[in-house]
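J.: Below are the sequence and a predicted model; questions follow.
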There are 2 protein chains.
Amino acid sequence: MARGRVSLSTGTSKGLVLDLIRTLGPVSRTDLAAETGLTAATMSNVVRQLLDEGLIHEAGLGRPNGGRPVVLLEVDTSARYAVGLQLGAESITYVVVNLRGAVVGRLRAPGVGASEPTEMIAALVAQIRHILLGLGIDEQLVVGIGVVAPGPVDVARGMVIGPTHMDAWHNVPLRDLIAEATGLPVVFDNDATAAALGDFWGGATEGARAHATVYMGLGVGAGVLIDGTVFRGASSNSAELGHIVIATDASGRRLIAEDLADPTAVVRAAHEHPDEVGRLGLAGDEFAQFTALAKASTRGDEFATGLLEESARHLATAVTSLANLFDLDSITLAGPAFAIAGSIYLKVIDSQVNADFFARSQHGIRVKLSPQMQDAAAVGAATLVLQSELAPRTMGLAPHHSLVQ
Amino acid sequence: MARGRVSLSTGTSKGLVLDLIRTLGPVSRTDLAAETGLTAATMSNVVRQLLDEGLIHEAGLGRPNGGRPVVLLEVDTSARYAVGLQLGAESITYVVVNLRGAVVGRLRAPGVGASEPTEMIAALVAQIRHILLGLGIDEQLVVGIGVVAPGPVDVARGMVIGPTHMDAWHNVPLRDLIAEATGLPVVFDNDATAAALGDFWGGATEGARAHATVYMGLGVGAGVLIDGTVFRGASSNSAELGHIVIATDASGRRLIAEDLADPTAVVRAAHEHPDEVGRLGLAGDEFAQFTALAKASTRGDEFATGLLEESARHLATAVTSLANLFDLDSITLAGPAFAIAGSIYLKVIDSQVNADFFARSQHGIRVKLSPQMQDAAAVGAATLVLQSELAPRTMGLAPHHSLVQ
DNA sequence: ACACTTTTTTAGAGGACTTTATAAAGCCCG
DNA sequence: CGGGCTTTATAAAGTCCTCTAAAAAAGTGT
């Protein structure tokens, strides 16, 4: 009968203060107290604990204005590290980030070829160890490993249940196997959620109360943060942008974002014009073809530009629905597709969302590109573990508590 | 520079326990402890405080199973009351609810005719006093007044900024004026959000982690609860269901739920067939015509049924987007429109949402009618003040705290 | 009546805040 | 250049909420 556990005395303040020090740059105890609403005395204690743990250090004095000058605090960038692991369709991206969320090491490798789950895990872990060794980072300083994959994922059990082209990973209890093999904490989530958190740590969501990161690889998804905390919904499958209805065809059938907006759809649309496909020499896998179209558009090719703009308009429709439902005030675009064609999508989405947004009389929506475009999900995976180990937060109730029977 | 205030030591447990006692019916301290994760000792203390405040009372013993029998607790239904006030286009609904959220008094009156804001307020307050007197309820036992109106509303300032047909109320600081006139706490919100909270208090959301109440009067909106806490977004204008794109017309223009799904749209669609309008004798205001169509449908009229089913399918499309983005596991339908034509909408929405829902492999979505159909928003307004006064909760951070500068 | 089980309460301790008071570190003015 | 003033940081004491451990209470069965 015992269920979850209500976290009433949160004890979250240390993490919150660490977040603020990281975000606000060199900052005084006084400012932190004002920012959080805690008293100066409490802040003094919290800060001392962070100093003792070596997570932050003092960094000189501020300009005095009539009294004792403030002591500035900043995070000790290289005090801790986290590893991020992004499982993609054809490749695996490894990153190592420091306490600021900045990337200090990165590697993209083809998927591990082994067929046995245990062998795949062993290969992953060996690769991680190899990277850390190359960077000269003591494993003692690594707080954990974040693993992300395209949705849908089973966050509770830590495994991929997602796209069929990743069936090698299906039903493998990734989180637990990697945790066992390394002895480190491992968190598991979907790529869009991770990318959103990565943007938060990268400072891209500054000032936002309700933020979404739209993540586009071959498909499209989104992650939502409310006051810096991941929005999860009932089963961590929230913000499923690809399945939002954005149009109807001639016969009245509903069309969703996946049908019209993502790179797969763009390539599909291109192939309705075989002559243009031939002219542009489109070949290879879908992402290669999307890349070729984006490059052609940059060169001024009208056909390619038309396709991308149409995709952007459709995506903007889905994003507008997202913005209206979550009452967003901040959006970033992340992922390989935007790394290639971000500027064209940014322009269209920014103007369309801000024009059609319901609460626009009350506030605007800031739309921008993610600071980590290509590797946003991998970086986000690493920040996921930073947050869960150093600055845990829950939304009101503990993750799996259900308030009423 | 001082901003919001982080609520770290929540002190919410008393309210949480009250919620549980109300929801679980007669329940023992032991069960409450198991349910919340608190210890039996803590529960004993919390329960004593609630007993001292007169909010709950002991209600006999449970069946003993080998030891001391449990003492059952239940809320003292008539220990406190709250007033709910729903401002509608043509009428104002007043309700009084008890501690269980059950309606003990209700009145629907035409809008107050005065033109001066101060006079309108005075008339409202006089009406409230009159109702309480008629019910024999001591004003001392009234915890506050909840006021709701169709969106958009400015929750922070407590005023209507909404639909043009309610311009008599625009820019009137309703919340503060009523609070001043009565000396009671007043909360202000939009009708759909209130209806969702009303469903929570009414027990309709039992077991839900992510719930939405779809509220349809003349227009349509929704309110979302995450673990029983209102989801607000950046400016309390979240879940704006009426502005979700659900189709495109022949020329590719985007059509939103307001265009196709709500009662206004149904009536508009009917008037594209003047002969049918004549046959059914449609006349009067829009809602009267919608009511006539619903009645005709009940009689088996094919034209009316067709219109309503089409509206339901369009609404179901918007609700599916809502469900996919919030990863809902529970939906209720509330408001005057569903009070009249709920069964037809329920059937269509239930089947369509559960068929098209993205995370359906992980969990289903329970769709049902609200226990308070017609007066859901007014009842919700009253529960809004019950919750804010007796069981306050915030999501992680205080309502208006912005985590980073 | 007495042992046994289960529920509830009491007592004491600890953590995280707050408030109040004190110390430290710089400016400013005579 | 030294004392008063202002601002920042720490210390001490108290509050609130929770936990653990142990006692008390209220039934059942022998």
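T.: That came in fine, so what should we check first? Residues are numbered from 1 along each chain as shown, chains lettered A, B, ... in the order given.
J.: which stretches of chain A aren't confidently modelled?
T.: For chain A, the stretches flagged by pLDDT under 70 are A:1-11, A:112-115, A:162-166, A:393-405.
J.: need the residues of it near DNA strand D, please.
T.: Proximity of chain A to DNA strand D, by CB under 7 Å from any atom of the strand, involves residues A:8-9, A:28-30, A:40-41, A:44, A:47-48, A:65-71. Every C-beta, even on glycine, is put in place using the N, C-alpha and C of the backbone.
J.: mind running it again at 10 Å?
T.: Counting by CB under 10 Å from any atom of the strand, the residues of chain A close to DNA strand D are A:5-9, A:27-34, A:39-48, A:51, A:58, A:61-73.
J.: where does stretch A:306-320 sit relative to the chain's centre, distance-wise?
T.: Chain-centre distance of stretch A:306-320: 21 Å, with CA atoms, centre = their mean, to the nearest Å.
J.: Among the residues of chain A next to DNA strand D, name the ones in helices.
T.: A:29-34, A:40-48, A:51 (DSSP state H).
J.: before we move on, the earlier item: which of the residues of chain A next to DNA strand D count as buried?
T.: A:6-8, A:27-29, A:31-33, A:42-43, A:46-47, A:70, A:72-73 (16 or more other CB atoms under 10 Å in any protein chain shown).
J.: Distance check, A:Gly223 against A:His363.
T.: Relative to A:His363, A:Gly223 is positioned 21 Å away (CB to CB, to the nearest Å).
J.: These two: which is more packed in?
T.: A:Gly223 (33 against 16; other CB atoms under 10 Å in any protein chain shown).
J.: give me every residue that touches that one.
T.: A:190, A:192-197, A:212-213, A:215, A:230, A:239, A:380 (CB atoms under 8 Å, 6 or more residues apart in numbering or on different chains).
J.: Following element in sequence after the strand or helix carrying it, please.
T.: A:Gly223 belongs to strand A:220-226 when assigned by DSSP states H and E. Next helix or strand after strand A:220-226 toward the C-terminus (DSSP H and E): strand A:229-230.
J.: can you tell me if that following strand touches chain B.
T.: Yes: against chain B, strand A:229-230 shows contacts by CB under 8 Å from any CB of the partner chain at A:Thr229.
J.: Show me what that strand is packed up against.
T.: Strand A:229-230 sits against helix A:191-201, with contacts defined as 3 or more CB pairs under 8 Å, 6 or more residues apart in numbering or on different chains; DSSP states H and E.
J.: and the helix it packs on with strand A:220-226, angle?
T.: Between helix A:191-201 and strand A:220-226, the angle comes out at 40 degrees (axes from the mean of the first three to the mean of the last three CA atoms, to 10 degrees).
J.: In PDB, list the C-alpha atoms belonging to stretch A:94-106.
T.: Provided in PDB are the C-alpha atoms of stretch A:94-106 (Å, rounded to 0.1, in the frame of the first residue of the first chain):
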ATOM      1  CA  TYR A  94      29.400  10.900 -26.500                       C
ATOM      2  CA  VAL A  95      30.000  14.200 -24.700                       C
ATOM      3  CA  VAL A  96      31.600  15.200 -21.500                       C
ATOM      4  CA  VAL A  97      30.500  18.400 -19.900                       C
ATOM      5  CA  ASN A  98      31.800  20.400 -17.000                       C
ATOM      6  CA  LEU A  99      29.900  21.900 -14.100                       C
ATOM      7  CA  ARG A 100      28.900  24.900 -16.300                       C
ATOM      8  CA  GLY A 101      27.400  22.500 -18.800                       C
ATOM      9  CA  ALA A 102      30.100  23.300 -21.300                       C
ATOM     10  CA  VAL A 103      31.400  20.600 -23.500                       C
ATOM     11  CA  VAL A 104      35.000  19.500 -22.800                       C
ATOM     12  CA  GLY A 105      35.000  16.400 -24.900                       C
ATOM     13  CA  ARG A 106      32.900  15.000 -27.700                       C
END
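J.: Can you list the buried residues in that stretch?
T.: Buried, per 16+ other CB under 10 Å, within stretch A:94-106: A:Tyr94, A:Val95, A:Val96, A:Val97, A:Asn98, A:Leu99, A:Arg100, A:Gly101, A:Val103, A:Gly105, A:Arg106.
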